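Asks: Quick one: sequence and predicted model below, then my questions.
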Amino acid sequence: MIQVKIKRLWHCVNLPCYATPGSSGMDLRAAIERGIILSPGKRLFISTGLSMEIPEGYEGQIRPRSGWAGSRGITVINTPGTIDSDYRGEILVALVNLGESYVTIYPGDKIAQIVFAPIERAELIEVSELDCTQRGQGGFGSTD
């Protein structure tokens, strides 16, 4: 288990937590003063009121909450959003309303989840040819 340092930017902000023992992600909540309406087709950044010190070799992945995505059409626009280990600013969540109805986000609403994942750095080796595979250059839908 990794340890992540976390800072509340406002004293009234709830810390993220796992909803169940088997949860992969910790719920992030809206740190806003009043309800904000998210119109269909629109996007906005929602404050969490938190900043973190994620250990080197890890990232925080911001992911949508399945209930909001399925029932309301609200998702994280850059899924998964990446919080790098050297970032120390406030964690903001970029939400988009893909549904057909207006949705109000209220103070303290669970708006997303954060999953901490290890990162492997790559060394790129430039070559003139790549090994052949059965798939080759087949792209989108090529394995259907």
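Replies: On my side now, so go ahead.
Asks: Could you list the buried residues of stretch 92-100?
Replies: 92-97, 99 (16 or more other Cβ atoms under 10 Å). (C-beta placed from N, C-alpha, C; glycine too.)
Asks: which residues touch Gly57?
Replies: Contacts here follow Cβ atoms under 8 Å, 6 or more residues apart in numbering; on that basis Gly57 touches 85, 118-119.
Asks: Go through those residues and flag which are in strands.
Replies: Using DSSP state E, Pro118 are the members of the contacts of Gly57 that sit in strands.
Asks: rewinding a little: present the buried residues of stretch 92-100 as TSV; the columns should include secondary structure and distance to Cys17.
Replies: Compiled in TSV, the buried residues of stretch 92-100 are given as follows (DSSP: H, G, I helix; E, B strand; the rest coil; distance: Cβ to Cβ, whole Å):
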residue	secondary structure	distance to Cys17
Leu92	strand	19
Val93	strand	16
Ala94	strand	22
Leu95	strand	20
Val96	strand	25
Asn97	strand	26
Gly99	coil	27
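Asks: Give me the buried entries from the contacts of Gly57.
Replies: Ser85.
Asks: Parallel or antiparallel, which strands does the helix or strand harbouring Thr104 pair with?
Replies: Using DSSP states H and E, Thr104 sits in strand 103-105. Here strand 103-105 has these sheet partners by DSSP bridges: strand 36-38 (antiparallel).
Asks: Find the residue at the geometric middle of the protein.
Replies: Ile62 (1.2 Å; Cα atoms, centre = their mean).
Asks: for the nearest residue to Gly41 once chain neighbours are set aside, what are its contacts?
Replies: Using Cβ to Cβ, 6 or more residues apart in numbering and skipping the chain neighbours, the partner closest in space to Gly41 is Asn97 (6.6 Å). Shown in contact with Asn97 (Cβ under 8 Å, 6+ apart): 38-43, 72-74, 103.
Asks: Sort out for me which of those are in helices.
Replies: Residues from the contacts of Asn97 lying in helices, with DSSP state H as the criterion: Arg72.
Asks: confidence score at the residue nearest to the centre of the chain?
Replies: For Ile62, the model assigns a pLDDT of 97.
Asks: And for it, nearest residue in space, chain neighbours not counted?
Replies: Nearest residue to Ile62, sequence neighbours excluded (Cβ to Cβ, 6+ apart): Gly81, at 3.6 Å.
Asks: Fine by me, thanks again.
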